[in-house]
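Colleague: Build me a model:
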Amino acid sequence: MLFAAPVFSQVEEKVQEGEVIITEGQITIIEEGEGEPDTTKMKVGNKEIIIITHPNEDFDLDSEDDSEDESPKRKSKSDAHWAGVDLGFTVLMNENFNTDFATTPYWKNDPARSTVWNLNLLEHKFNFGTPFVGLTIGLGFSFTSVAFRDGYIINSSTDSLFAAVDTVNTYSKNKLKASYLTIPLLLEFNISTNSDKNFYLAAGVVGGVRMTSKIKRNGELADGKEFEEREKGTYSLNPFKLDAALRVGYGSFGIFANYSLLPLFESEKTVEVYPLIFGLSLNF
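Modeller: Predicted structure coming up:
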């Protein structure tokens, strides 16, 4: 058969002669055998010779050709990096990007106890004709708490928001808690379409609408009795939030940082306070 290969070099149309199929540039020999189907390829001159051994049963050459020619397709899209869980901390800053509140020291919070966690449920990425750049949108929930120092108790009225020190009782927990519905708009860059081996960088904004807010206090009264308080209220919190956001990571793990572009509280009620949030993220 090897010596006969040059004879068939001029044959251009598919010809089947028993168990031999001859096409331009290729000779396929089909023979019966035992065990699993097996394919052997060799090159003679400008001809490729393929020997296919298969069990003595119905054999579909087209399916064999399809399996031989099939190759992994490159993904045309890459995954977004919003859906998941964020865990972090909050630092309150003034309009000058520092933590100095000379006239309102009660806004100098305790960052180690001011926690935030985000549950990001939905995401969708619009790729810009390439899997490596796209626009990510989504939906999530943010749960934040601001811990006050030195026993400051928030007092809110129709025209002002301030705090005074409670010198009688002792507080083990004194927090302002709020929850938000959040929507991101992020420009995202990736280096790979493989989610497990993908470095990503996303920057943009995250908007939010406040859903609930309350004060939570635990402590000990002057007579030694323990107490726990929960008071619902708006506490002059801004009903909306808009954060500049940055997310960086590799695979399922990353870090994030958000800086509020809107004051935390209604600006006419107290000085301007801007939360800086940062932490770790686990992507779904």
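Colleague: Please tell me how far the residue nearest in space to the middle of the chain sits from Ala203.
Modeller: What sits nearest the mean C-alpha location of the chain, by CA atoms, centre = their mean, is His81, with 2.2 Å. Taking CB to CB, to the nearest Å as the measure, His81 falls 12 Å from Ala203. (Each C-beta comes from the backbone N, C-alpha and C, glycine too.)
Colleague: any residues in contact with both of those two?
Modeller: Common contacts of His81 and Ala203, defined by CB atoms under 8 Å, 6 or more residues apart in numbering, comprise Arg247.
Colleague: picking that back up, pretty sure the residue nearest to the centre of the chain is touching Gly138, no?
Modeller: No: using CB atoms under 8 Å, His81 is not in contact with Gly138; the gap is 10.0 Å.
Colleague: Low-confidence stretches in the chain?
Modeller: Applying pLDDT under 70 to the chain flags residues 1-19, 24, 33-36, 43-46, 54-76.
Colleague: How much space separates the residue nearest to the centre of the chain from Leu280?
Modeller: 13 Å.
Colleague: who touches both of these two?
Modeller: Counting by CB under 8 Å, 6+ apart, the residues touching both His81 and Leu280 are Gly254.
Colleague: Now do the phi/psi pair for Pro105.
Modeller: Main-chain dihedrals, Pro105, degrees, to the nearest 10: phi -60, psi -20.
Colleague: What of Ala178?
Modeller: Residue torsions, per degrees, to the nearest 10, at Ala178 are phi -150, psi 150.
Colleague: wait, it sits on Arg210?
Modeller: Yes: the criterion here is CB under 8 Å, and Ala178 meets it with Arg210 at 5.9 Å.
Colleague: Look at the two and report which has more neighbours.
Modeller: Set side by side, Ala178 and Arg210 show more neighbours around Ala178, with 22 against 16, by other CB atoms under 10 Å.
Colleague: Bridged to that one, which residues?
Modeller: Thr144, Ser213 (DSSP bridges).
Colleague: so what's it up against?
Modeller: 143-145, 210, 212-214, 237.
Colleague: measure it to Ala163 for me?
Modeller: 16 Å.
Colleague: Ser192 now?
Modeller: 49 Å.
Colleague: So which of those two has more stuff around it?
Modeller: Ala163 (19 against 16).
Colleague: I figured that one hits Arg149, correct?
Modeller: No: taking contacts as CB under 8 Å, Ala163 lies outside contact range of Arg149: 10.2 Å.
Colleague: Please enumerate the shared neighbours of these two.
Modeller: Tyr106.
Colleague: Show me the domain layout of this protein.
Modeller: Domain assignment for the chain by automatic domain parsing gives 5-69, 84-283.
Colleague: To Lys77, which of those domains lies closest?
Modeller: domain 84-283 (5.2 Å; CB to CB).
Colleague: For that closest one, what is the distance to the chain centroid?
Modeller: Averaging C-alpha positions (CA atoms, centre = their mean, to the nearest Å) puts domain 84-283 18 Å from its chain's average.
Colleague: gap between the two ends of that domain?
Modeller: 4 Å (CA to CA, to the nearest Å).
Colleague: for stretch 217-236, same thing?
Modeller: 18 Å.
Colleague: now swap in stretch 262-272 and tell me
Modeller: 9 Å.
Colleague: Touching, Glu226 and Arg217? I think so.
Modeller: No: between Glu226 and Arg217 there is no contact under CB under 8 Å: 11.3 Å.
Colleague: which of those two has more neighbours?
Modeller: Of the pair Glu226 and Arg217, Arg217 is the one with more neighbours under other CB under 10 Å, namely 20 against 10.
Colleague: Angles on the backbone of that one, please.
Modeller: phi -130, psi 130.
Colleague: For it, which non-adjacent residue is spatially closest?
Modeller: Glu229 (4.3 Å; CB to CB, 6 or more residues apart in numbering).
Colleague: Which strand or helix spans that neighbour?
Modeller: strand 226-232 (DSSP states H and E).
Colleague: So what's the residue count around Thr28?
Modeller: Neighbours of Thr28 using other CB under 10 Å come to 21.
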